[in-house]
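Visitor: Based on what follows, work out the 3D shape:
(chains A and B)
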There are 2 protein chains.
Amino acid sequence: MNSKNGSDMQAFFEPGAVAAIGSLREVTGTAYWMIKNMRHFGFSGPIYPINPNPSDYVEVFGSKVYSSVNEIPEPIDLALVITPPSTVPEIVEQCTRKGVKAVIVMSEGFAESGEEGAELQRQLVAIARRSGIRIMGPNTFGVVNSANGLTTIPPYTDQERIYRGGVAFCSQTGSIGPHQAPLEDWAYPISKMCDIGNKCDVDEVDILNYLAGDPETKVVAMHLEDVRNGPRFMDAARRLVARKPLVILKAGWSEAGARASASHTGSLMGSDRIYDAALKQVGVIRVDTWQELWEVPKTLVYQPLPAGNRFAIVTFTGGQGVMAADAAASAGLTMAEFSSDTVRKLSSVFPRLGKNPVDVGPAMSDSRSQSSSNPFYAVEQATSIVLHDANVDCATITFSCGQQLVPMYPMIVDMFDRSTQDVSKAVNIWLYGTSLPAMEEMARQLQSRGLPAYFDLDMAIKALGAAAYYSKVKSEAV
Amino acid sequence: MNSKNGSDMQAFFEPGAVAAIGSLREVTGTAYWMIKNMRHFGFSGPIYPINPNPSDYVEVFGSKVYSSVNEIPEPIDLALVITPPSTVPEIVEQCTRKGVKAVIVMSEGFAESGEEGAELQRQLVAIARRSGIRIMGPNTFGVVNSANGLTTIPPYTDQERIYRGGVAFCSQTGSIGPHQAPLEDWAYPISKMCDIGNKCDVDEVDILNYLAGDPETKVVAMHLEDVRNGPRFMDAARRLVARKPLVILKAGWSEAGARASASHTGSLMGSDRIYDAALKQVGVIRVDTWQELWEVPKTLVYQPLPAGNRFAIVTFTGGQGVMAADAAASAGLTMAEFSSDTVRKLSSVFPRLGKNPVDVGPAMSDSRSQSSSNPFYAVEQATSIVLHDANVDCATITFSCGQQLVPMYPMIVDMFDRSTQDVSKAVNIWLYGTSLPAMEEMARQLQSRGLPAYFDLDMAIKALGAAAYYSKVKSEAV
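Guide: Predicted coordinates:
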């Protein structure tokens, strides 16, 4: 059933006309919220509200309410269904008759809920097999496309916008999307999101095939509990990895996790050792936690791939440098040995600056190495010198944020931009400081200039380790 | 030299009169800022400003400026010194003549900076040995005591207050304190902080001995790069662990980290395998990252110790439950098997609620299990039922935050307070959501009621694992 090249996935992410089928009541209606969210995030295509009792409504968002898809006067690419489970098979049948290409079934109450729901889900699969219509879900929040504003989520969300960027985020859980993650506060660079739910038809292989060819997507982050078909998954992952990095969180790796997964999805999982070997074989970046699944892609999407794993760090204290060196060892990076030219240049900025880690703390508190126009002169110089060393492949630069610095942020961000320019190396910034809002504001400003920002030093370095790993995968594939 | 019981450490943390020796110039003077910070955070004891050129100043913060400690008309407990390195030995000599009990040498430029500085540091050690005066540093930001407002840090900080609580945070790096960490935004519960810097005299053993007997301190978090004397450290750690949990980040565990540490502290480190065995032997909770060193103590300080390692989780989605079960396996916890009574009670809240992980998502979106006065009725019921199960020792409860919920926070926090009361189990809350400010506000409100809040699911569960580990250490010691 699955598409080889993902082309029939287009209707899910780039539909022309959309039908929203379900309760359209203001404030409480789930289909009402889907429409409201899509309009809020800027989807401009036609959306047809559908409810079996159209006479309950005059109109919804200025549109006439239809009783079924068949009454809609134009072709429909995508139908969103959030109705009681027992009504769903008939509604999907109607969609097949109408020629709808794709259906997302949001409703809960299918295979995850017991035998009755499992039977309904089998009916959906049978309809898909017979007709060729593609079904995402059931038990899903659907998709997000930051390019066209398509946001099929039914719950209310308080976010103003979704930042358009290169990370596609796909999961088997509803815990993604602007209703679940602070995407706007993070300024998280999203291309597409999707929750494949119970994956009765559309599964991870369809998504991988589609995203491999999606020009908006530079990096794929995927949460998986199980894989339906190992060889087909390996094949799709290998083809995607040849074009862009694939970061996977394989949840349910522990015995307890596997049991929990079986009980909520109804599917059985293979041994984690087999998964691990398979993911390594195709060059997947495997992460261990939900937090890492969000954080690691940021460096991959914003920064060039490092040529190797030689790591440098610019810190504000010696103690931070020691922790960074430990983190580098954990992340598979080695501490770069600076060229004699770099040592000489660093020493001319400040006497004791020649070593990696580069602790600019003493230089910053010493008047000899300060510039009246830029109190962060030592950071800028050290960053630029280190990044121009041929022995350095990647680097983390430290910055300490505070409310009193916020007015200077544009100048500081310019400085980071300048000192990291003209070098094809992977760089990210570790932020700490005295104020969470000040740290968050700095992260947004840095990321708007393509500089990934982290609040956790070890996470920043882990992300560089992932970039170095993927770079090696690519070079070995050549 | 070191104190057996830590009693001569009192002068560092609980001094009567303090002398601040260094530049007193407004805005740029480091001793000026130390005084300003101490007054800002509420230290009410006498502070005498001292500068070798007192005629440069009329008065500082309403006090006369003295040219040396010897001119001060009353006894001084603690002297804070931030002057050029070459002047420090003579100033400390003056302190010994004055009968000052404790000196914190903030200045950089000692053993960490080369042979000249190392010689000056040896002079300080000789003075301490000869006179019995205790010296913290050099190369330190000194101490914080949230109970009396003593805050010896020279840099500017934008924080209004330091929350008084039970965590003592001690490090060998300056990256702690209200000038470096968002203590106020975190509502982090601090008893004492100290940076022991180059530890020419006062070292980790002194601090452990003092904190073991400090009634304000319930948990000790310690960052260490090296240990001066293994057997004495083991002895002090063992005695502290018998009374309260000790969380240690041993930085420089990797070869690269050890090299970086040797280069900035001038000290050599032992093999990590030896450290690891020694820390385990005395029941230390060893953490791997800076982030963990801050996060793990929060559960230890706010919550009772769990009787065992049987873990339960209440989540908003099934996928979260799977990830939680994986995290529990990593943290040394087992998934609790609910009693038949618990299964029955949970099932009466909602048909499919009887299993651990307890996914309340479906119940929350189902009108059958909703209460008109509390939309989070299912969370409250599930939490209370699970925590009353004798088979459960500890639990993480999930909550999804958003701006629209902020007005309801007092009601929600009351609910968590109610449903976790009357059970002597370790509980923490994993927060996620659509808005960072909303998550941060919820964390502050929960922690003000003794409920530790986390933004990282794995970290929350790791903290419970640490609590279960320490509980086992305690029970085996009996």
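
Visitor: residue contacts, the residue in the stretch 301-450 of chain A positioned nearest to chain B?
Guide: Per Cβ to the nearest Cβ, A:Gly319 is where the stretch 301-450 of chain A lies closest to chain B, at 2.4 Å. To be clear about C-beta, it is placed using only N, CA and C from the backbone, and glycine gets the same treatment. Taking Cβ atoms under 8 Å, 6 or more residues apart in numbering or on different chains as the contact definition, A:Gly319 lies against B:171-175, B:223, B:225, B:251, B:264.

Visitor: Correct me if wrong: A:Val427 contacts A:Leu387.
Guide: Yes - between A:Val427 and A:Leu387 there is a contact at 6.7 Å, judged by Cβ atoms under 8 Å.

Visitor: between these two, which one's more packed in?
Guide: A:Val427 (28 against 22; other Cβ atoms under 10 Å in any protein chain shown).

Visitor: Work out for me the element that one sits within.
Guide: Counting by DSSP states H and E, the element that carries A:Val427 is strand A:426-433.

Visitor: Phi first, then psi, for A:Val105.
Guide: Note on A:Val105: backbone dihedrals following degrees, to the nearest 10 are phi -100, psi 100.

Visitor: can you check A:Leu353 too?
Guide: phi -90, psi 0.

Visitor: Let me know the secondary structure of the closest residue to it other than its chain neighbours.
Guide: Excluding its sequence neighbours, the residue lying closest to A:Leu353 (Cβ to Cβ, 6 or more residues apart in numbering or on different chains) is A:Leu346, at 4.0 Å. Here A:Leu346 is recorded as helix under DSSP: H, G, I helix; E, B strand; the rest coil.

Visitor: quick revisit: and the helix or strand hosting the residue of the stretch 301-450 of chain A closest to chain B, average pLDDT?
Guide: Applying DSSP H and E as the criterion places A:Gly319 in helix A:318-330. Averaged over helix A:318-330, pLDDT sits at 96.

Visitor: And for stretch A:188-205?
Guide: For stretch A:188-205, the mean confidence score works out to 96.

Visitor: What segments of the stretch 251-400 of chain A are strands?
Guide: A:285-287, A:310-315, A:334-335, A:358-359, A:394-401 (DSSP state E, counting those that start in this stretch).

Visitor: These into a markdown table, with extra columns for mean pLDDT, distance to chain B and mean neighbour count?
Guide: Rendered in a markdown table, the data for the strands of the stretch 251-400 of chain A read as follows (pLDDT from 0 to 100; distance: least, Cβ to the nearest Cβ, whole Å; neighbours: other Cβ atoms under 10 Å in any protein chain shown):
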| stretch | mean pLDDT | distance to chain B | mean neighbour count |
| --- | --- | --- | --- |
| strand A:285-287 | 97 | 11 | 21 |
| strand A:310-315 | 98 | 9 | 28 |
| strand A:334-335 | 98 | 5 | 20 |
| strand A:358-359 | 96 | 6 | 28 |
| strand A:394-401 | 97 | 7 | 26 |
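
Visitor: So for B:Arg352, which of those sits nearest?
Guide: strand A:285-287 (30.0 Å; Cβ to Cβ).

Visitor: which residues touch the closest one?
Guide: A:245-250, A:276, A:279-280, A:293, A:296, A:300, A:466, A:469-470.

Visitor: Just among these, which is most surrounded?
Guide: In those, the most neighbours by other Cβ under 10 Å go to A:Leu246, 28 neighbours.

Visitor: what's near enough to touch A:Tyr32?
Guide: If a contact means Cβ under 8 Å, 6+ apart, then A:Tyr32 has A:23-26, A:49, A:60 as its contacts.

Visitor: Mark which of the residues you listed are buried, thanks.
Guide: A:23-24, A:49, A:60 (16 or more other Cβ atoms under 10 Å in any protein chain shown).

Visitor: and of the residues you listed, the nearest to chain B?
Guide: For the buried ones among the contacts of A:Tyr32, the nearest to chain B is A:Ser23 (12.4 Å; Cβ to the nearest Cβ).

Visitor: okay, now the domains of chain A?
Guide: The record assigns chain A these domain ranges, following automatic domain parsing: A:7-299, A:304-477.

Visitor: So for chain A, which residue is the most central one in space?
Guide: Centroid check for chain A by Cα atoms, centre = their mean gives A:Phe169 as the closest residue, at 3.6 Å.

Visitor: got the angle between the strand or helix carrying that residue and helix B:318-330?
Guide: Element membership for A:Phe169, per DSSP H and E: strand A:164-171. Angle, strand A:164-171 to helix B:318-330, by axes from the mean of the first three to the mean of the last three Cα atoms, to 10 degrees: 80 degrees.

Visitor: Flag every buried residue along strand A:164-171.
Guide: Quick answer for strand A:164-171 (16+ other Cβ under 10 Å): A:165-171.

Visitor: circling back to that earlier point, can I get the contacts of A:Gly319 in a markdown table including pLDDT and distance to B:Arg161?
Guide: Formatted as a markdown table, these follow (pLDDT from 0 to 100; distance: Cβ to Cβ, whole Å):
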| residue | pLDDT | distance to B:Arg161 |
| --- | --- | --- |
| B:Ser171 | 95 | 21 |
| B:Gln172 | 90 | 26 |
| B:Thr173 | 81 | 24 |
| B:Gly174 | 75 | 21 |
| B:Ser175 | 75 | 20 |
| B:His223 | 97 | 24 |
| B:Glu225 | 92 | 30 |
| B:Ala251 | 94 | 29 |
| B:His264 | 68 | 32 |
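
Visitor: distance between the ends of stretch A:382-391?
Guide: 15 Å (Cα to Cα, to the nearest Å).

Visitor: average pLDDT for it?
Guide: Stretch A:382-391 comes out at a mean pLDDT of 97.

Visitor: quick check, it touching chain B?
Guide: No - Stretch A:382-391 is not in contact with chain B by Cβ under 8 Å from any Cβ of the partner chain; minimum separation 14.7 Å.

Visitor: Need phi/psi at the closest residue to A:Gly114 other than its chain neighbours.
Guide: In space, and not counting its chain neighbours, A:Gly114 is closest to B:Arg352: 7.7 Å by Cβ to Cβ, 6+ apart. Dihedral pair for B:Arg352: phi -100, psi 20, per degrees, to the nearest 10.
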